[in-house]
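*Asks:* structure of the sequence below:
(one chain, ligands or ions: 2)
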Amino acid sequence: MNHYSVTLQGLDKTAALGAVIAEHLRPGDRVLLHGEMGAGKTTLARSIGAALQAAPPLSSPTFILLSEHSGRLPIWHLDAYRLGPGADPNASGLLDERQLLGVTLIEWPEYFGITASGLLGASDLHLTITGSDEGVRSVDLRTGDAERLAAIAAQWQAQHVGATER
Ligand SMILES: Nc1ncnc2c1ncn2[C@@H]1O[C@H](COP(=O)(O)OP(=O)(O)OP(=O)(O)O)[C@@H](O)[C@H]1O
Ligand SMILES: [Mg+2]
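*Replies:* Ligands and ions are numbered 1, 2, ... in the order given. Purely as a prediction, here's the structure:
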């Protein structure tokens, strides 16, 4: 399995998905949040942060580029939007090796040239959010770690998908 789609009917489901994903994160992971403006990237990032007991809680980093949080794992939250397409994350010091100790959540990763297609690394979890219907979002999860994705999918199915939705 290298991709899995979930439908989120409202913010409580976003929180639930964040909690399931957080359980499967390990040091050195990057969570890449793709989606148009207003898709719900920050909302999902905050849900993952909350489940990791981030302190301070994640906020919208649009005006601060990068924020750092303690938690079950150290957390970095980065939003490349203001840098624009073609930004170099290494030159700007936004990605560094300390992040191997924790989890880095990145909004607008395509501005760093990080896309959800092609060969995927095992420690990269791509979350592509679509749908702007009032209160409904779809999230497509992709990673090179098929086993981990299967574990996330199984947990989501067991805990959050009703019998009629299967
Ligand atoms: N699953 C969801 N169900 C309903 N509304 C949602 C859901 N996820 C996010 N929203 C709403 O969509 C709006 C935009 O969310 P958010 O700020 O997370 O988007 P974003 O992708 O980070 O936007 P930007 O590109 O501007 O940073 C918010 O009002 C949020 O409450
Ligand atoms: Mg955002």
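*Asks:* by residue count, what's the longest helix in the protein?
*Replies:* Longest helix in the chain by number of residues (criterion: DSSP state H): helix 146-160.
*Asks:* list phi and psi for the residue positioned nearest the centre of the chain.
*Replies:* Residue closest to the mean C-alpha point of the chain, counted by Cα atoms, centre = their mean, is Val31 at 4.0 Å. Backbone torsions for Val31, taken as degrees, to the nearest 10, come to phi -110, psi 110.
*Asks:* if I look at it, how far off is Glu134?
*Replies:* Taking Cβ to Cβ, to the nearest Å as the measure, Val31 falls 26 Å from Glu134. C-betas here are computed from N, CA, C, even on glycine.
*Asks:* identify the residues contacting Lys41.
*Replies:* With contacts defined as Cβ atoms under 8 Å, 6 or more residues apart in numbering, Lys41 is in contact with Leu33, His34, Gly35, Glu107, Trp108, Ile129.
*Asks:* spatially, which two of these are the most separated?
*Replies:* Trp108 and Ile129 (12.0 Å; Cβ to Cβ).
*Asks:* can you list residues touching both of those two?
*Replies:* With the criterion set as Cβ under 8 Å, 6+ apart, the overlap between the contacts of Trp108 and Ile129 is Leu33, Lys41.
*Asks:* circling back to that earlier point, closest to ligand 2 out of the contacts of Lys41?
*Replies:* For ligand 2, the nearest member of these is Glu107. The distance, counting by Cβ to the ion, is 5.0 Å.
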